[in-house]
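[1] fold the following, please.
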Amino acid sequence: MIGALSLPLLLAVFAAAGVAVVLASIRATKLADIIADRTRMGEAMVGGLVLGGATSLLATGLLMTAILLGGLILRQREGPARLGIESVLMMAVYATAVTVEIWGRG
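    Below you'll find the model as predicted:
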């Protein structure tokens, strides 16, 4: 699918994605500054939380893709929210690791 696209179109999509990332980063920085001012948590702490949350988005997407591709949601034994117990355990381990990573830096 992507191999059928022309090089100029791919470069344009790449450039547009780069612009979107820069604009989102600027917006996130402004919002983090507002949150830091309102909560008096400090700009470094709020910036660390925003950065930690932003960097964990990729891993969350990879985790959900692995769950979907592995067929773990459609197992016979269902747990909470009609998810397979393997999926629930995988998400719990991931959530714990992200929490330790974010809060363990302070």
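
[2] can you count the residues close to Ala44?
    10 (other C-beta atoms under 10 Å). Heads up, the C-betas are built off the backbone N, CA and C, glycines and all.

[3] let the chain start at 700 from now.
    Will do, 700 is the new start, and the previous item becomes Ala743.

[4] mind checking which helix or strand it is in?
    helix 742-768 (DSSP states H and E).

[5] tell me which helix or strand comes right after that helix.
    helix 784-802.

[6] check which helices and strands the helix holding Ala743 is in contact with.
    helix 706-738, helix 784-802 (3 or more C-beta pairs under 8 Å, 6 or more residues apart in numbering; DSSP states H and E).

[7] buried set for the longest one?
    Along helix 706-738, the positions that meet the burial threshold by neighbour count (16 or more other C-beta atoms under 10 Å) are 731, 734-735.

[8] and Met744, how close does it get to Leu750?
    11 Å (C-beta to C-beta, to the nearest Å).

[9] what's the angle from the lowest-mean-pLDDT helix or strand in the chain to helix 742-768?
    Ranking every helix and strand in the chain by mean pLDDT, DSSP states H and E puts helix 784-802 at the bottom, with a mean of 74. Per axes from the mean of the first three to the mean of the last three C-alpha atoms, to 10 degrees, the angle that helix 784-802 makes with helix 742-768 is 160 degrees.
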